[in-house]
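Student: Quick one: sequence and predicted model below, then my questions.
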Amino acid sequence: MVGEPQTIVEAINIGEMFSRKYVQFCKGLPQFKSFGTEEQLLLLKAAFPEISSVNIAFLYDPQEGGFPVVVVSDLN
């Protein structure tokens, strides 16, 4: 999924999409790859609240005074 969600399923799975992108980004870091699987999982879990907070902050629209509303054009 790229850009705006096109179906109700994509709109519901925005959190999952963010989580997958977060993990993919971390896996691309050479230093992250140097840790074992258990250590990688611990790092991902520990940083997730902060990363999520930053992501949510970027979604805030001060001109609208809130967060964007997801409008799904195709309900099929």
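Tutor: Here it is on my side, so go on. Residues are numbered from 1 along each chain as shown.
Student: Mind telling me which residue is nearest the centre of the protein?
Tutor: In the chain, the C-alpha nearest the mean C-alpha coordinate belongs to residue 18, at 1.8 Å (CA atoms, centre = their mean).
Student: quick one: contacts for that residue?
Tutor: Contact analysis of residue 18 by CB atoms under 8 Å, 6 or more residues apart in numbering lists 52, 55. Quick note: C-beta positions are derived from backbone N, CA and C, even for glycine.
Student: what's the burial count for the nearest residue to residue 33 once chain neighbours are set aside?
Tutor: Excluding the flanking residues, the one nearest residue 33 by CB to CB, 6 or more residues apart in numbering is residue 27, at 7.0 Å. Neighbour count of residue 27, defined by other CB atoms under 10 Å: 11.
Student: next one: residue 41
Tutor: Neighbours of residue 41 using other CB under 10 Å come to 12.
Student: what's the distance between it and residue 47?
Tutor: Per CB to CB, to the nearest Å, residue 41 is found 11 Å from residue 47.
Student: and what of residue 25?
Tutor: 11 Å.
Student: got it, and residue 53?
Tutor: 11 Å.
Student: Repeat that for residue 21.
Tutor: In terms of CB to CB, residue 21 sits 14 Å off from residue 47.
Student: what comes into contact with the helix or strand where residue 49 lies?
Tutor: According to DSSP states H and E, residue 49 maps onto helix 37-59. Outside helix 37-59, the residues that touch it by CB under 8 Å, 6+ apart are 18, 19, 22, 23, 26, 27, 32, 35, 67, 68.
Student: ok, so of these, who is nearest residue 8?
Tutor: Closest approach between the contacts of helix 37-59 and residue 8, by CB to CB: residue 68, at 16.4 Å.
Student: can I assume that closest one sits in a helix?
Tutor: No - Residue 68 sits outside any helix when classified using DSSP: H, G, I helix; E, B strand; the rest coil, being coil.
Student: Cool, thanks, talk later.
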